[in-house]
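J.: Sequence isn't available, so here's the structure alone:
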């Protein structure tokens, strides 16, 4: 039986915890920051590298490696930007952190700023997160009042400012280069890579963009014995705990903090309490709506980066969407594709035209105008978006289409079989 | 220079150069829409995909890469023709066409449309799209161009043009996803002076020049290289014409002069080339109060007879010329006065002129000097000063012979009044003006689109024009008229073509020494000896 492992949620799961600065300090907060200020930035980056923590935003890129790419001595300021534009459908973990324990995230952010030599960090937060924005603003105000932010936090002499910038509600602005464009005041559209943000990011300066949850891991990793403990939470290359946003037809949906070596079955039937109303499982979208769907037969697998990659899907942002046997997957796919058609920035051809076109084809099925020919066409149009676009949104739209068509063809046929 | 291979053929590249840029520079063909050498790289159209079979380290790229955004590397091997690439292009092409109206029969771009060309060359010829297309209305966006958004393929060149090239930011991308479109902001019309370039860089018929709309199918147009004579910048152009009528001017790339651009005012100069009403179409001689048709021989004979009757001294002969005259014509008129009358009295107007100073290169194309050859006049040491003081002093005395080339001092009534009583006024020019009204003999010249001559631009670049349209039957190029005039006065000028005149000029003038007409080519040449005082005044471009 799987249980939660409390690292990030240690405070949140404590009913007596108060999320104010005072409360956080009482729970041992900002101790690690003091320790970090005593280290050299290179040591911090090395420690993060050693811990093997991988980005929790979706791509799973090793964070320590990302920070080590930041060039030194360019004469330009370096920037650390927290990507709090959590908008992958199904994901709601960063919101929990920012809402219920903002100081944990902010401490991680400050550690990150120190590691990459950033004196002005930005938090790009999703515009719809009004309560979270309020919570973060309050927390940052507390930090300035306490002197933890400003010219001399904890007597370290490391000048640090934090700015909270709220987005305007575009999914694409969660893509790091589009986020930078948006932060600069431009239209949020992904940039051409290379140059990567580490070389030329915010205002053309070296920039690291990190997920909220990734940064929230930092106080633990850099704490006493943090690296070893962190590594012990999962198999090799998949260290640490991660926040799983469990949603869909389970009895107990919610955000749970789990080790990386928990079986998906245990998550659904153990922590999630099983499928509601005693129905059978039909499938799971394992890592936010952009990941390939899994059938009920495939869920006996460890829920981490590498194991899911082995079966051609991905952990993504650890957002597990469970659906039962009564679910109409064509409607589900239509909803997902409609989302991507709406959120495509439109700058590059395959995604701009392909998302809308495939959405039209799926709608044809719903309207009873499907055919074998259209099913084949849907698969082809989806495939044509795969790997042909500038950013990952094309892939994100294509993967569900292709996997749904491949794994649930009968559900599509049902719509036109009796005609 | 380092080398990489495209389809097994070596291609040289500058370090840091992108694959597409190096390929195009070396004459290799890779289709592209959004890439433009003068603007930033966005890599969004995805048609320029290539298969990198060897990244230079022995390993292939995992998937097709856009040639516009990948740096070329030593030892790289690229394939642009294999099946994978063809399929990649085919799918992009299919996507581009699903919302394109395919209204080629009524589209002005048809025939020079890259979407059309690439669809023909790389497309599959069929589409599986069976839904209604996205439809927008026609938009009148400004003084010079119109916008048909349905045809747009969202390459964003026009958007980048107003941001990066003109800095005017009037144009932008709106909406998202398949509704992404280009437009002006809040219905404000375009105001920049370079809108025509947006029509040029638009790969499809979304932005077209109003001047050219529905006038001629582009495949009927013949194209000749020349330069624009609308101002002293001398932008390189192709003059596009059909049946002896000029339809438009398009900029031609010359990195030393105008890069890829030209201004809208320059484009409109095509109208002058088609002007017929005010053209001088035959030699005219004054009998009493009226000008009468005469033949060339009669004209020359009459001039020679009058001059031998008068026996003018050097002070009594004067030539006035404008700076629309070419280098050769200025040189010859000066030579004629010197050889024939021992006179140095060749004058042209040389007012002060303003050059815009700007962080955006394109703004520097516009000057207030609206004549093409002021620098040529200065190089040939034609007399003149901002207040026309010298010429006014010279014409105070009695004048016997006045030769007027073109339309100089058109606003100087004082000068015109003093020239009027001169005993013989010869006007050589293509158009009737105040001088042909007072002239005794009028000789029909040719406009620059009808003759081969050279001009010197404000950067002291010598550039050549070409014969584009057929001149009026009885007209002759001005340099030939001056030569024949000299011959009728008994001088042995033996120039039979422009190359010989240029060679003579290069021999006698330091500024042109060492240059031959054939050397100038289509990129122009810097003067051998430049001068500093060009009468230029730098001004800030208005915000």
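T.: That came through, no problem. Note that this is a predicted model, so its numbers are computed, not measured.

J.: so what's whichever residue of chain A sits closest to chain B up against?
T.: Here chain A gets closest to chain B at one residue, residue A:346, 3.1 Å apart by Cβ to the nearest Cβ. No exception for glycine: its C-beta is placed from N, CA and C like everyone else's. Counting by Cβ atoms under 8 Å, 6 or more residues apart in numbering or on different chains, residue A:346 touches A:352, B:154, B:173, B:175-180.

J.: State the pLDDT value of residue B:542.
T.: pLDDT for residue B:542: 63.

J.: distance between stretch B:238-249 and the chain's centre?
T.: Offset of stretch B:238-249 from its chain centre (Cα atoms, centre = their mean, to the nearest Å): 12 Å.

J.: again, but for stretch A:340-349
T.: On Cα atoms, centre = their mean, the centre of stretch A:340-349 falls 20 Å from the chain's centre.

J.: still on that earlier bit, enumerate every residue touching the closest residue in space to the residue of chain A closest to chain B that isn't next to it in sequence.
T.: Spatially, and ignoring its direct neighbours in sequence, residue A:346 is nearest to residue B:180 (3.1 Å; Cβ to Cβ, 6 or more residues apart in numbering or on different chains). Residue B:180 makes contact with A:345-347, A:352, B:154, B:173-174 under the criterion Cβ under 8 Å, 6+ apart.

J.: how about a cut-off of 10 Å?
T.: Neighbour list for residue B:180: A:189, A:344-347, A:352, B:134, B:152, B:154, B:156, B:173-174 [criterion: Cβ atoms under 10 Å, 6 or more residues apart in numbering or on different chains].

J.: what's the closest non-adjacent residue to whatever residue of the stretch 351-500 of chain B ends up closest to chain A?
T.: Among the residues of the stretch 351-500 of chain B, residue B:359 lies nearest to chain A; the distance is 17.0 Å by Cβ to the nearest Cβ. Leaving out its chain neighbours, the residue that sits closest to residue B:359 by Cβ to Cβ, 6+ apart is residue B:167, at 7.3 Å.

J.: Can you get me a residue count around that neighbour?
T.: Neighbourhood size, residue B:167 [other Cβ atoms under 10 Å in any protein chain shown]: 15.

J.: and what of residue A:121?
T.: So residue A:121, with other Cβ under 10 Å, has 24 neighbours.

J.: do the same with residue B:272
T.: The number of residues packed near residue B:272 is 16, by other Cβ under 10 Å.

J.: does it sit in a helix, a strand or a coil?
T.: The three-state label given to residue B:272 by DSSP: H, G, I helix; E, B strand; the rest coil is helix.

J.: now it: how far from chain A?
T.: Distance, residue B:272 to chain A, using Cβ to the nearest Cβ, to the nearest Å: 42 Å.

J.: need the contact list for the closest residue to that residue other than its chain neighbours.
T.: Excluding the flanking residues, the one nearest residue B:272 by Cβ to Cβ, 6+ apart is residue B:447, at 7.0 Å. Taking Cβ under 10 Å, 6+ apart as the criterion, residue B:447 is in contact with B:229, B:246, B:272-275, B:279, B:324, B:429-431, B:465, B:468-469, B:471-472, B:475, B:477.

J.: follow-up on the earlier one: wait, the residue nearest to residue B:359 sits on residue B:160?
T.: No - Residue B:167 lies out of contact with residue B:160 (Cβ atoms under 10 Å); the separation is 11.4 Å.

J.: shared neighbours of these two, which are they?
T.: Common neighbours of residue B:167 and residue B:160, using Cβ under 10 Å, 6+ apart, do not exist here.

J.: before we move on, the earlier item: so of the contacts of residue B:180, which ones are in strands?
T.: Among the contacts of residue B:180, the subset assigned to strands under DSSP state E consists of B:173-174.

J.: filter the contacts of residue B:180 to the buried ones?
T.: Taking 16 or more other Cβ atoms under 10 Å in any protein chain shown as the criterion, what is buried in the contacts of residue B:180 is A:189, A:344-347, A:352, B:134, B:152, B:154, B:156, B:173.

J.: of all these, which two lie farthest apart?
T.: Spatially, the most separated pair among the buried ones among the contacts of residue B:180 is A:189 and B:134, at 19.2 Å (Cβ to Cβ).

J.: What separation is there between residue B:64 and residue A:175?
T.: Separation of residue B:64 from residue A:175 (Cβ to Cβ, to the nearest Å) stands at 21 Å.

J.: next one: residue A:97
T.: From residue A:97 across to residue A:175, the span is 21 Å (Cβ to Cβ).

J.: Surely residue A:283 and residue A:333 touch.
T.: No - when contacts are counted by Cβ under 10 Å, residue A:283 is not listed as touching residue A:333 (11.1 Å).
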